[in-house]
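K.L.:
Pasted the sequence and its predicted model underneath.
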Amino acid sequence: MESLGQFEQVVLTAILALDDNAYGVTIHAKVEELSHPKKIARGAVYATLDRMEDKALISSWLSEPTRERGGRSRRHYRLEKSGEKALKESARTAQRLIETITQSLGGLAWKPR
Amino acid sequence: MEAALNGPPEWLERVVLLAIPPAAHEAVAGDLWETYQNPGQYAVEALQTVPFVVWSQIRRNLNLPALILQSALIFLCFGGPVTLMALPLLMLREAYRPVTRPSPRRAIREAILLSSGAMVLLLVSMSLHSPVRAGVDSFTWLSLFLAALFLSPFLCLFRAGLIMQGDHSQPLVAGSLPKDALAGAYQNFQQRAFCSNLLESMALVFAAACGFFFAWDALLVGLFVIVALCLMLDSVPRFSQACDFTSLRARYQQELARQGQLRRFLHWLWFAPVLVALHDRLTLGESIAALLNCVAAAILCFLVMALNREYGGRVQEQIGLLDRMRETSPPDRALP
């Protein structure tokens, strides 16, 4: 199965959360929200979307052109089955990490020494 | 999301559009417009975004076998430094590959430009007291010049013919379709690709056998055989209907792009032996033959690029059509 990088996990989660409204602008906004306080370049999001589309984790299509985009279409994205599977696997790994950290440090609200 | 009522200044948008690779125009330029606040913010946003998009398009469109073959041919003809300079340009060309077929006007302009270049090359060689001129009489020069002059209509006809042939070939899919119809179109495409790859692999084996018989370069013969084997192994159709319309469309687009890349490489491969032969004759040292070989090589490259431009444009158009395709419900069956 395809293993995901951290940024790919964030982008896939953003697409999952946005559902039918997942396109460049909204995905970037959601990714920034999820990665807070880190600033994310929109170009990095496009490059990751392209890469994940080539891996068949997501698929895309163009909407009808709209006036607020200067007569251009939106490229909408959607998770594919393989993308969902990879994201679930990443979530399970993250869950195990959280459990281990919580056990070792007594919660996530720890401060580094 | 707040809709931007005012867009960027026209001149600024044109500059940004020039920098964005054509395949990403719609999505990236639209997103930049949607988040437009003022010209400064727009320019900064574009500057931050475009390099990523260009790099992504280079990675996506990079046809490594074709790039290696082109680099090897350039290296053979012009040496290492020119190859090193040409490599980034070739890669950038991949990123900025057009997404439509060439217009007849542009095709004719390119053909005229090439034949004019050939004429200028001949004129310069005639007027200079170069070693190329030695031993060639005026009648031969005049014949060469006239041949270059007639090259223009020939090349224009060739390119116009390619475009007309493309116009006549029906698009594989268009408009809105039910899922079953899309699946059918995809299956037809795969079967056609399978047949054409099988035929081409057999032709490559035959060409390799001829090459072996006529003492071609061993590397070229080996390359033909390897490519033929890869094509035979690759041409097993893979088809699955167990997915929805959007996934099926994505698979179809990926397969179209893959076959397009393969075809571009094969076009270059078929002409590689001729270009190598021309280069071999170039090093023999006969002045007039050298000049003619240069012109012939330039024309050959032009023909291969024209073929690739036409075929690649058709593939990109097809991918664009699929991008905008909507699913319709299947027509109701007539009640008995």
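P.N.:
Alright, I've got the coordinates.

K.L.:
residues near the residue of chain B found nearest chain A, how many?
P.N.:
Chain B approaches chain A most closely through B:Phe52 (2.7 Å), counting by C-beta to the nearest C-beta. Backbone N, C-alpha and C define where each C-beta goes, glycine included. Other residues near B:Phe52 come to 19 when the count uses other C-beta atoms under 10 Å in any protein chain shown.

K.L.:
again, but for the one 5 residues further on
P.N.:
A total of 23 residues lie near B:Gln57 under the criterion other C-beta under 10 Å.

K.L.:
Restrict the particular helix or strand that has it in it to CA atoms and write it as CSV.
P.N.:
Counting by DSSP states H and E, the element that carries B:Gln57 is helix B:39-61. What follows is helix B:39-61, C-alpha atoms only, in CSV (Å, rounded to 0.1, in the frame of the first residue of the first chain):
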residue,chain,number,x,y,z
PRO,B,39,-1.8,43.9,-7.9
GLY,B,40,1.1,43.6,-5.4
GLN,B,41,-0.5,40.7,-3.5
TYR,B,42,-1.4,39.0,-6.8
ALA,B,43,2.2,39.3,-8.1
VAL,B,44,3.7,38.0,-4.9
GLU,B,45,1.2,35.1,-4.8
ALA,B,46,2.0,34.3,-8.4
LEU,B,47,5.7,34.4,-7.8
GLN,B,48,5.4,32.0,-4.9
THR,B,49,3.1,29.7,-6.8
VAL,B,50,4.4,29.4,-10.3
PRO,B,51,7.8,27.8,-9.6
PHE,B,52,6.1,24.9,-7.8
VAL,B,53,3.6,24.5,-10.6
VAL,B,54,6.3,24.5,-13.3
TRP,B,55,8.3,21.9,-11.4
SER,B,56,5.2,19.8,-10.9
GLN,B,57,4.4,20.0,-14.6
ILE,B,58,8.0,19.1,-15.5
ARG,B,59,7.8,16.0,-13.2
ARG,B,60,4.4,15.1,-14.6
ASN,B,61,5.2,15.4,-18.2
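
K.L.:
Could you check how far the residue of chain B closest to chain A is from A:Ala44?
P.N.:
Per C-beta to C-beta, to the nearest Å, B:Phe52 is found 6 Å from A:Ala44.

K.L.:
what's the answer for B:Met85, then?
P.N.:
29 Å.

K.L.:
Looking at these two now, which is surrounded by more residues?
P.N.:
A:Ala44 (17 against 11).

K.L.:
for that one, helix, strand, or coil?
P.N.:
Following DSSP: H, G, I helix; E, B strand; the rest coil, A:Ala44 is assigned to helix.

K.L.:
quick one, what contacts it?
P.N.:
A:Phe7, B:Phe52 (C-beta atoms under 8 Å, 6 or more residues apart in numbering or on different chains).

K.L.:
mind checking how far it is from A:His28?
P.N.:
As for A:Ala44, its distance to A:His28 is 9 Å (criterion: C-beta to C-beta).

K.L.:
B:Ala147: how many residues sit nearby?
P.N.:
Other residues lying near B:Ala147 total 16 when counted by other C-beta under 10 Å.
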